Structure formats: C-alpha cells, structure tokens
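Chemist: sequence unknown, structure follows:
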C-alpha cells in the first residue's frame, strides 16, 4: 500500500491536558483508513490538526513524502484535504447546488452567481456519486442520508483527495448507511483516500482496509482489517487500563424516582424511530448508566425526561406521578436536572465568573430579595466549591480560567443548587483528564449515597464499569440488554451495543 499522508510524533497540549502524545498515523492512498479509540483517545484532535482546525504543538506532517504545514482550514483545502464533521454543516433553506458552492460560488462576467454552471457541475457530481439528487432541491427536503451525500459532493467540488469522515453513519438508517458505504467504495475506486472514524465496529470490518488504534492520547497499533476481528479491536481500544471503582460499598437503593413507559420518538423528517418502545426506571441512591453507540438515542432519552423534547409518544412519571408536557423550568422545579453534554455551549456562560455560573440556577429560587446579598451568595458558592473540590483561587475568577474538569464540576454545582431528586449527566467526563474523571466519579457516588437518583450517559466502557450500579444498553433505538452485577463486563457492553 502506498502512503499518501503521514503524521509523525504529533503532540498536542492544552492547559493541563495532553490531547495527543507523540502519535504516529499513516494514511494509505485510495484506501479506507479507519481510526478508532474510546472517547478522549485523541481521534478528533488529530483530525482537527489534519484539517487545519487546530495547530499541532510538535511533530511533522508529510504529504507524498514532502513536509506539510497546515495552519488553517484553507491550508488543508489547498492540499486537497477535506473533512465532513459528525454534525453536518449546511444551510437547510438553500438548494443543493447553493450548499455545494457556498463561499465558493461560480461567478459570471457580471460578477453574479452563474446558477446554470453550478447546477451543471452538481449534476455531474451526483452522477459521479451515483445518486439521484436534484441540484434545485432544498436541503431541508432531503433525508439525512442524502444530506450527507451533499456534504461529500461539496468536498469533491473542492478537488478533495483525502476525505476525513467523522462518525458519518451515526444518524443514518441501515439503508442510508448502505448507500453511504457504496459511495465510499466508489470514491476509493476513483482514487480518493478516506479517513474513517466510527464506533460501529461491524461497519469498520465491512468497509475498512487498514485500522489505527489510539488509546489515552497515544498510538497503540496499526493493522490490516483482513487480519483482525472485533474482539481484537475491543482489546486494543480498552487495553488493561481501568478506573478505580467507586462502587466498593453497597448503596441502599430506595424508592422509584423516575419511570419512562413505552417511549417512542421518530427521527427528524422520517418514519423511522430513534427511540422504539423504551421503558425503564431509576431509583433513589442508584447510579444508572445508559450505554450505547453514537446515535443510539441516549441523549434524546435524557432530553425527553428533562422536557426539552416534547414530540414523543409515551409517558414519564416522577415518584409515580405522571408528568405533563410542561416547560424545562417546571421540570427543574419538580426536582429534575440535566448536566448537558455540551459543557461550553449549554452548561456555562463563558463571560461570567465561577460564582455567577454556579448561582444561575439558584437566583430565582433562593434569593428572593430584589437586591442580591453578596455575603449570602459567596457562602453558598464556597460551600459548593468545598463540597465538590473545585480548584479555584477566587470564586470571582472567570469560568474560562478553570481546567475542563473544574469547569465540569461548576456545571454540576449549578445543577445541585436546584435541589434535585434526579440528576442526569450526559457524557460528564468528556474532554477532562483521567484524574478529573476519577474525582467526578466520586462526586456521583457521594450524591447517590445522599439519596439522589443518578442517570448518566458515557461512551467509555471503563467509566461505565467503574461507576454504574446498573446499565441499560441501547442499540438502534431499543434497549437490547439490562446488565447488573457479574453480567456487567467489557465484552457484554460491546456485544449488546452492536444490536
């Protein structure tokens, strides 16, 4: 196999975190180069470096055996490297051809957009991809799988020869994924090189040519797909590392706090179900984990309980009382709170201090006076800082001055100030170092011991094994298995998450 791109000894550091530690990555021409690893292994960071979104701290890149410097996305595009992010980047109110040529429009002699030329090229791209998608169609009228094809066409229009695809099938149906795999095969036949990131091990075995495994920000191994199997991949991804279990003492499991009955949720613009007949409960003092691959419906299930998603079928009960489709603030008032996956965008206000962020959820409930009492505020915040072990020299410091792990503790502190009965955490340790992860686990255990019902989502198997009392495994919108006690193993989580 011929190497087209090489990453040698790539290191990327952020304050307090080593995201990539001396990583090597070979990319082979006209092949599907699979990159795998648990969340936090460094996959996305490496792809951001290759696509110009981030700059490496040290190391070398070689393209066709020549040194390559990528300092921006423009540099990557000029070297024929493109990326399709997991969250598709398009304008739903524009047509297919307008999206393909966005910020790269073809102009005529009058400096206006040459629509006919754009439509003509778009038709040729769709023929190349063997897809019957009309250039004049609005993006919002297409299925998700077709929207993904448009993103591929956009990359090809820019003469991309190395195409990075980050979890491209996570939101696709089985039929849509099959179409995507046919397109990928056709592209490699045409000489295009694919870098493919996925947690879906079966599809990796189906379409990959060579696999590279990262673990804990380090390069672990590289191997041809035809020489390995799924257990081999799992072993390389997980290794022998394990978090210290926080479930050394038996928690007294109490009464049922939350119960979901026959939950159905359809995919956007589709008759297929994202959640298909989901029923479960969680009790006081229990840490329940929802484990599954990206797109299995974990986050949506939490958002239904939180009241964010309302267009679902089924019922949710809090302490045996059926919840109406009310506002999020109403759910918070009843004792339900969610720590979101997007810490920066949904959990914190970046321009505010640590103190102000912690008190955001408490002001209307606890501080009833017209004017805030500075001493009372600081006492509340200092108690939260001590209880959760937040490392900050002064609560008036900006939230952005904290490490990722301490920022996450602030989000948890803000949630706890609502006096919840049910605390839900969506990927609570994403983007934090292993020491901070362990501290967050102990916080979860301490809260469960106090009687809170805790539901958390994690994509990292070792985390689930270290923290959960009970695990519900989701795959393709269904609960495929409930695991508890001796049933709770790495192999069982991988097996049932495949559906």
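Modeler: Sure, I can see it. The structure displayed is predicted, hence computed values, not measured ones.

Chemist: hey, where'd the helices end up in the stretch 51-200 of the chain?
Modeler: With DSSP state H, counting those that start in this stretch as the criterion, the stretch 51-200 of the chain has helices at 73-78, 96-100, 115-128, 144-157, 174-189.

Chemist: Rebuild those as a markdown table, extending it with mean neighbour count and mean pLDDT.
Modeler: To be clear about C-beta, it is placed using only N, CA and C from the backbone, and glycine gets the same treatment. Converted to a markdown table, the helices of the stretch 51-200 of the chain look like this (neighbours: other CB atoms under 10 Å; pLDDT from 0 to 100):
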| stretch | mean neighbour count | mean pLDDT |
| --- | --- | --- |
| helix 73-78 | 16 | 94 |
| helix 96-100 | 26 | 96 |
| helix 115-128 | 17 | 94 |
| helix 144-157 | 22 | 89 |
| helix 174-189 | 16 | 88 |
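
Chemist: just so I know, which of those lies nearest residue 389?
Modeler: Ranking the helices of the stretch 51-200 of the chain by proximity to residue 389 (CB to CB) places helix 73-78 first, at 38.6 Å.

Chemist: from the chain's centre, how far out does that closest one sit?
Modeler: Distance, stretch centre to chain centre, for helix 73-78: 25 Å (CA atoms, centre = their mean, to the nearest Å).

Chemist: next SSE after the helix or strand bottoming out on mean pLDDT in the chain?
Modeler: Among the helices and strands of the chain, helix 363-366 carries the lowest confidence by mean pLDDT, DSSP states H and E, at a mean of 54. With elements assigned by DSSP states H and E, the helix or strand that comes after helix 363-366 is helix 374-388.

Chemist: tell me what that following helix is packed against?
Modeler: Contacts defined by 3 or more CB pairs under 8 Å, 6 or more residues apart in numbering; DSSP states H and E place helix 374-388 against helix 354-359, helix 404-416.

Chemist: quick one on the thing from earlier: now distance to residue 288 too, for the helices of the stretch 51-200 of the chain, in TSV please.
Modeler: Shown next, in TSV, are the helices of the stretch 51-200 of the chain (distance: least, CB to CB, whole Å):
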stretch	distance to residue 288
helix 73-78	41
helix 96-100	41
helix 115-128	46
helix 144-157	29
helix 174-189	28
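
Chemist: for the stretch 301-450 of the chain, which spans come out with low pLDDT?
Modeler: Within the stretch 301-450 of the chain, the segments meeting pLDDT under 70 span 362-373, 431-435.

Chemist: Relative to residue 161, which of the helices and strands packed on helix 374-388 is closest?
Modeler: Each of the helices and strands packed on helix 374-388 was scored for nearness to residue 161 using CB to CB, and the closest is helix 404-416 (34.8 Å).

Chemist: and the angle from that closest one to helix 374-388?
Modeler: On the basis of axes from the mean of the first three to the mean of the last three CA atoms, to 10 degrees, helix 404-416 is oriented at 120 degrees to helix 374-388.

Chemist: measure the residue lying closest to residue 187 once chain neighbours are set aside to residue 278 for me?
Modeler: Nearest non-adjacent residue to residue 187, counting by CB to CB, 6 or more residues apart in numbering: residue 194, 6.6 Å away. Per CB to CB, to the nearest Å, residue 194 is found 34 Å from residue 278.

Chemist: same deal with residue 426?
Modeler: 16 Å.

Chemist: so what's residue 104 closest to, chain neighbours aside?
Modeler: Nearest non-adjacent residue to residue 104, counting by CB to CB, 6+ apart: residue 158, 7.0 Å away.

Chemist: make that residue 209, sorry
Modeler: Residue 209's closest residue in space is residue 31 (CB to CB, 6+ apart), at 4.0 Å.

Chemist: Backbone dihedrals for residue 36, please?
Modeler: Note on residue 36: backbone dihedrals following degrees, to the nearest 10 are phi -130, psi 160.

Chemist: residues near it, how many?
Modeler: 24 (other CB atoms under 10 Å).

Chemist: Next: residue 277.
Modeler: The number of residues packed near residue 277 is 14, by other CB under 10 Å.

Chemist: That one should be in a strand, yeah?
Modeler: Yes. Under DSSP: H, G, I helix; E, B strand; the rest coil, residue 277 sits within a strand.

Chemist: Spit out the contact partners of it.
Modeler: 262, 263, 264, 478 (CB atoms under 8 Å, 6 or more residues apart in numbering).

Chemist: between these, which is nearest residue 329?
Modeler: Of the contacts of residue 277, the one sitting nearest to residue 329 (CB to CB) turns out to be residue 263, at 22.0 Å.

Chemist: Okay, and the beta partners of that closest one?
Modeler: residue 278 (DSSP bridges).

Chemist: ok, it touching residue 312?
Modeler: Yes. Here residue 263 reaches residue 312: they are 6.0 Å apart, a contact under CB atoms under 8 Å.

Chemist: Now for those two: what residues contact both?
Modeler: Common contacts of residue 263 and residue 312 (CB under 8 Å, 6+ apart): 275, 304.

Chemist: Neighbour count: the two, which is higher?
Modeler: Set residue 263 next to residue 312 and count neighbours by other CB under 10 Å: residue 263 wins out with 23 against 20.

Chemist: That one: what's it in contact with?
Modeler: 275, 277, 278, 279, 301, 304, 312, 313, 314, 316.

Chemist: got a winner among those residues for most neighbours?
Modeler: So for those (other CB under 10 Å), the most neighbours sit at residue 301, 29 neighbours.

Chemist: Check the secondary structure at that one for me.
Modeler: helix.

Chemist: Verify the contact between it and residue 258 for me.
Modeler: No. Between residue 301 and residue 258 no contact is recorded; they are 11.0 Å apart, counting by CB under 8 Å.

Chemist: Distance-wise, check the closest residue to residue 391 other than its chain neighbours relative to residue 180.
Modeler: Leaving out its chain neighbours, the residue that sits closest to residue 391 by CB to CB, 6+ apart is residue 406, at 5.3 Å. Here the criterion is CB to CB. By it, residue 406 lies 40 Å from residue 180.

Chemist: Equivalent analysis for residue 415, please.
Modeler: 38 Å.

Chemist: Ok, residue 125 next?
Modeler: In terms of CB to CB, residue 125 sits 16 Å off from residue 180.
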